[in-house]
Every structure is written in structure tokens, then in C-alpha cells.
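Peer 1: structure for the following, please:
(chains A and B)
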Amino acid sequence: MNKLLNYRTYLPALYFLASMGILIGIWSLISVVTHNDIPTPGMTWVVFREMLANPFYDYGPNDKGIGNQLVSSLGRVFMGFGLGSIVAIPVGLLMGASPVGMKLLNPIVQILRPVSPLAWFPLGLLAFKAAAGATIFIIFITSLWPTLINTAFGVSSIPQDHKNVATAFGFSTWRYIRTVVIPYALPHIITGLRLSMGVAWLVIVAGEMLSGGMGIGFFVWDSWNALSLEKILCAILIIGTVGLLLDKGFDALQKRFAY
Amino acid sequence: MNQTLAETLVDSSTSFHKIQTGTSISVRDLTISFKTPKGVYTAVKDIDLTIGKGEIVSIIGHSGCGKSTLMNAISGMVRPTKGEVIANDKVVKGPGPDRGVVFQNYSLLPWLSVYHNILEAVDSVMHDKTKAEKRTIVADNLNMVNLWAHKDKLPGQLSGGMKQRVAIARAFAINPSILLLDEPFGALDALTKGAMHIELLKLWNLDNRNKTIVMVTHDIEEAIFLSDRVVVMNNGPAATIREIVDVPLDRPRNKKSIAHDPVYVDIHDRLLGLLFDKFSIED
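Peer 2: I've put the predicted structure just below:
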């Protein structure tokens, strides 16, 4: 049977379009109910096309293209997320491998983990004397935990069978880490990274609203001050789409390392 | 096809000679207890057992009778609470390369290819060999179990019997003088199991029957077919040795004809009696 002629080939795409249809339907309804206080999809689309026509323009500190804002936000997210991962993975390995390490560090993790990113912001300002540094700091500190906890869980749940192999064949510590700990924990670590990236992308908007200057969060706040709700709605859609793409990227990575 | 080849090998290799004689493993007054949340649990108690070089001994008993605990004490994965285990004239203080272990559930590392599963073990144990020598050892052992063609596969792509052959090849590759098999064929179907018995004896023959093999099993036929002696354990907790049964059947043994041998039938009945007397239902 010809795959291209079978309607099932197009089913996922059709479902996606239907889903977008529902979203636009609800959106239109809300616009009608609020007498266009919330701009209609059509009005937003016009603004969206203008924004995308020239995404990388730069007319001074308070007037930059959406592309520039996005690149700036992604840069901070990856910076904070990267630094967080560099700390979280080794500490997670340590906590998972050593019961003493777990008992000593787990209470700290449990206390700091639920803290709102915004509560860390003043400490970031104090430490870095700059809003940009503070934003990266809050992304770092909030994106730490999912990676750390998942890594620790992965390492601590290594099956006895695998440990027995290492014991029976006299594996050195390094060989054990290389052939058992890392490969077993890797899928868990990637799950942690995926969740951390989700958190980082959530936090960036709030962080940039506070820090100002540049970025997609700042763009949202700036648009609110300019009372351009169309731009805010565009930004929401862009934030959502980028978040989805980031998640899909880690999803692909996860599939690559599943045994 | 494979099986017939292996069978002729076992049946035809009458020209072997044992080089080594003497004691391989000596278990003295061994007691092993574990601390559990409910208190101290004694798995095995007062075990005395001497196994000669090149001997094949099976340990048989019901589930939870401490067979595996005794095995782990010989392999060095569990420390004695009382008494000691001596292997190759040295007190066992931990796992060592003179004792190769095959686990019940194969215990292959799922992210390493068949080839690398064996190579990592060889690499870990044989420090004095060159890289090329190690590769040759891995290749020889994979060829011995007829798995060279599958060397690049991951364990997940193999059948149960193939996985167990990899595990056996890995244990043989480090060339231990003692081979410890913990219910090695327990998870295999009857046909594969039969083929694996022949395979194991073939490897043992190829090495001039010098390797001591200790095997935990709950399969009476398997125990008789493979072993020189069968150790029957009492039920746990605090299991002891109930009796040691000699299997004076000539080698090479033939799977087909052995079942009708009166000696075999006698031993079979005796083992059944030892294992099941407490469980008979009164009419």
C-alpha cells in the first residue's frame, strides 16, 4: 500500500491542526467576551508578521527585534543551565554512590529545592552587582535540583546484578564508574536535564521581568508598559514553542540513550 | 546441529588426563548470618565441605536453603560469620580472579556488546597481558561457545541460552581454576538446558578436566548428569548439609543412555527421597 496515499500517514499532523483550531477557537471566544480587550487571533497575527519580518533589528536599548530578545534569553538559559548541570551531575553522582553523602546533602537539597526562583534574585544581585548575572544565578540555582535528584536516584538504584559483575571480576573504581555507574545513570541524568531545562525556561521570563534590559521576559514587560497586548500574546506563543522545541530536543537525546 | 557436534566431542574425548590432584576448595565450619530489621538471620550453619581439584560438585536444595549463600561464600562476595573458606590453599577474603562466577540471570552489562562484556572482565583481571593477547582471549572464548558471529550484538538482542553462553565464556575467559555457577541454567527451557550441559562439559574437557566446577541447582537430573558428587542441603533457616551423594557414573556421559543406567536411577530416587520426604501427603 502506498504510504503517501494512506490517510494514517497524515493523522498526527491533522490532530495537531485540530488542536491548534481548538486553541484559536477558545482564544477568539475570549476576545469576543472581553470586547477585544484581549486581541483576536487575527489582530495578533498581523503584529506577529511584523515582528517576524525583521526579527534582528536593533534601534537602541529599548527597541530590539524579537529574534535578538530570544537569542539573549536562550544564551542566559543555557549559561545558567550549563553551570547548574556541571554542579548537579557530580554532586548527584556522589549522593547516589555514598549513603553518607546522601544523608548529609539530602536535607539541604530538600530545603532549597522548593524555594521560588524570585526569592534568590536579591542574593544574585548582591553577589554579581548586575542584573544579568543575577538572572543567570537564579536559573543556575533553580535548574540544579531536577538533575541532581535524578542523577542521585539513578546511581542509587543500580541493580545488584550489575554490582555483582563488578565485584566478581574485580573491577577497579574507575572501571566501575565507566562501565556501570555512568551508563546506568545516563538515562536518569538526561531525564533530569530535560526537567531542569523546562524549569530554566520557566524561570527566565520571570527573571528578565525583574532584571530588565533584554530578553524575552523583558520584552513581555516592555510590551505591557507600551500596552501592546498583541505583542504579549505573540511572546507567549513564542515562549511556548521554544519551550516545546527544547523539550523535544532532550526527548530525542533520551531515546538515543535508552537501553 | 550444534548439539550433535558438541555431543560427539564429549563422547569421543576419552584421552584426557588430569594433571592436578589435591584439594581445590575447603569449607570449614562455616556459618553465615545476616543482620535484618527483624533480627539476625542465619542462612547456613556448620558447613564442612572439601572439593577436589577438577571435581564437579552440585549443591542442591529447596529455595531459600542457603545454596546461593554457600556459593557466595566461596566466591568471596559474602563473608563468613564463623569458620572459613579456603580456595587454592588461600583463605577467601573477597572475590578473586582464581574463581570465575556465572550468575543465574546472566548479569551481562546491557549497554556493552557481547565482545566488550567479556573484554572488560578480561581487561580487569589480566593485568600482565598485552592488548592483543586480551583480544585473542576474548575471540577464543567467543568461538568456543559459537558466538563469534554475534560479538557486536547487545545482550538484549540475544536469546536466554545465548546470553548464558556469553556469561560462561566470560567466566572461562579469565581462566579461573574454580568455576562457580549459581543456578546457571535455571531460566532456560529444557532443550536449551540440555544443549548447555553438553556445552559446559565440552569446555571442561577442552581444559583437560582441570577446572573445579561448583554449581547450585534445583534440578536433580542436571545435578546427576554433570556432577561427581551432589551436596544435598536441608531447608533453611540455618541450613546444614543433609547428605553428600556420590555419582559414580563413568565419563564421558551420554544424555540419552544415562537415563536408563541403574546407577543413575538409584541416585535419582535417592535424591528425590532426600529432597521430598518432608513434603509427602499422607493418603
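Peer 1: how about stretch A:207-223: buried residues?
Peer 2: By 16 or more other CB atoms under 10 Å in any protein chain shown, the buried positions in stretch A:207-223 come out as A:207-212, A:214-223. For the C-beta atoms, the positions are set from N, CA and C on the backbone; glycine is no exception.
Peer 1: pull the distance from that stretch to the chain's centre.
Peer 2: 17 Å (CA atoms, centre = their mean, to the nearest Å).
Peer 1: now do the end-to-end distance for it.
Peer 2: 16 Å (CA to CA, to the nearest Å).
Peer 1: what residues does it touch?
Peer 2: Identification of contacts with stretch A:207-223 by CB atoms under 8 Å, 6 or more residues apart in numbering or on different chains yields A:61-62, A:64, A:66, A:68-70, A:72-73, A:76, A:117-118, A:121, A:131-132, A:134-135, A:138-139, A:204-206, A:229, A:231-232, A:235-236, A:238-239.
Peer 1: which residues does the nearest residue to residue B:74 once chain neighbours are set aside bridge with?
Peer 2: The shortest distance from residue B:74 to any non-neighbouring residue, by CB to CB, 6 or more residues apart in numbering or on different chains, is to residue B:85 (5.5 Å). With DSSP bridges as the criterion, residue B:85 is bridged to residue B:27.
Peer 1: coming back round to it: so among the buried residues of stretch A:207-223, where is pLDDT lowest?
Peer 2: Across the set of these, residue A:212 stands lowest in pLDDT, at 79.
Peer 1: now do that one against residue A:117, distance only.
Peer 2: Counting by CB to CB, to the nearest Å, the gap from residue A:212 to residue A:117 is 16 Å.
Peer 1: next, count neighbours for the residue nearest to residue B:181 when sequence neighbours are not counted.
Peer 2: In this structure, residue B:181 finds its nearest non-sequential neighbour in residue B:215, 4.2 Å apart by CB to CB, 6+ apart. Using other CB atoms under 10 Å in any protein chain shown, residue B:215 has 26 neighbouring residues.
Peer 1: next: residue B:184.
Peer 2: Neighbour count for residue B:184, taken as other CB under 10 Å: 27.
Peer 1: isn't it right up against residue B:215?
Peer 2: Yes. Between residue B:184 and residue B:215 there is a contact under CB atoms under 8 Å: 6.7 Å.
Peer 1: buried subset of the contacts of stretch A:207-223?
Peer 2: For the contacts of stretch A:207-223, buried by 16+ other CB under 10 Å: A:64, A:66, A:68-70, A:72-73, A:76, A:117, A:121, A:131-132, A:134-135, A:138-139, A:204-206, A:229, A:231-232, A:235, A:238-239.
Peer 1: low-confidence regions, chain B specifically.
Peer 2: B:1-21, B:277-283 (pLDDT under 70).
Peer 1: what parts of it come near chain A?
Peer 2: Neighbours of chain A within chain B, by CB under 8 Å from any CB of the partner chain: B:75, B:77, B:95-97, B:100-101, B:103, B:105, B:107-112, B:120-121, B:123-125, B:154, B:156, B:170, B:174.
Peer 1: in ChimeraX, how would I select the buried members of those?
Peer 2: Selection of buried members from the residues of chain B next to chain A for ChimeraX, criterion 16+ other CB under 10 Å:
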select /B:75,77,95,96,97,100,101,103,105,107,108,109,111,112,120,121,123,124,125,154,170,174
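Peer 1: does anything pack onto the longest helix along chain B? Which helices or strands?
Peer 2: With secondary structure taken from DSSP state H, chain B has its longest helix at helix B:190-206. In terms of contacts (3 or more CB pairs under 8 Å, 6 or more residues apart in numbering or on different chains; DSSP states H and E), helix B:190-206 is packed against helix B:2-12, helix B:160-173, helix B:220-226, helix B:255-258.
Peer 1: where's the most centrally placed residue in chain B relative to residue A:233, distance?
Peer 2: Closest to where the C-alpha atoms of chain B average out (CA atoms, centre = their mean) is residue B:181, at 2.6 Å. According to CB to CB, residue B:181 stands 68 Å off from residue A:233.
Peer 1: with residue A:30 instead?
Peer 2: 11 Å.
Peer 1: the two: who's more crowded?
Peer 2: For residue A:30 versus residue A:233, neighbours defined as other CB under 10 Å are more numerous around residue A:233 (22 against 12).
Peer 1: nearest residue to residue A:127 in space, please, no chain neighbours.
Peer 2: Take residue A:127 and drop its neighbours on the chain: the residue closest to it by CB to CB, 6+ apart is residue A:137, 6.6 Å away.
Peer 1: so after the helix or strand in which the one you found is found, what's the next helix or strand?
Peer 2: Counting by DSSP states H and E, the element that carries residue A:137 is helix A:131-156. Using DSSP H and E, the helix or strand that follows helix A:131-156 in sequence is helix A:160-168.
Peer 1: okay, buried residues for that next one please.
Peer 2: A:162, A:163, A:164, A:165, A:166, A:167, A:168.
Peer 1: show me how far the helix ranked longest in chain A is from its chain's centre.
Peer 2: Of all segments of type helix in chain A, defined using DSSP H, the longest is helix A:66-97. The chain centre lies 9 Å from the centre of helix A:66-97; the measure is CA atoms, centre = their mean.
Peer 1: please list the residues of the stretch 151-259 of chain A that sit near chain B.
Peer 2: Going by CB under 8 Å from any CB, the residues of the stretch 151-259 of chain A near chain B are A:161-162, A:164-165, A:167-172, A:175, A:179-180, A:183-184, A:259.
Peer 1: now for those: which two are most distant?
Peer 2: The distance between the two most remote of those (CB to CB) is 24.3 Å, for A:170 and A:259.
Peer 1: quick one: which of the two has more around it?
Peer 2: residue A:170 (17 against 12).
Peer 1: which SS class is that one?
Peer 2: coil (DSSP: H, G, I helix; E, B strand; the rest coil).
Peer 1: now do residue A:18 against residue A:30, distance only.
Peer 2: Residue A:18 sits 19 Å away from residue A:30, going by CB to CB.
Peer 1: over to residue A:54?
Peer 2: Between residue A:54 and residue A:30 the computed distance is 29 Å (CB to CB).
Peer 1: contacting residues for residue A:174?
Peer 2: Residues counted as contacts of residue A:174 (CB under 8 Å, 6+ apart): none.
Peer 1: hmm, back to that, want to throw the buried residues of helix A:160-168 into CSV with pLDDT?
Peer 2: Output for the buried residues of helix A:160-168, formatted as CSV (pLDDT from 0 to 100):
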residue, pLDDT
A:162, 92
A:163, 91
A:164, 89
A:165, 90
A:166, 91
A:167, 88
A:168, 88
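Peer 1: no further queries at this time; thank you.
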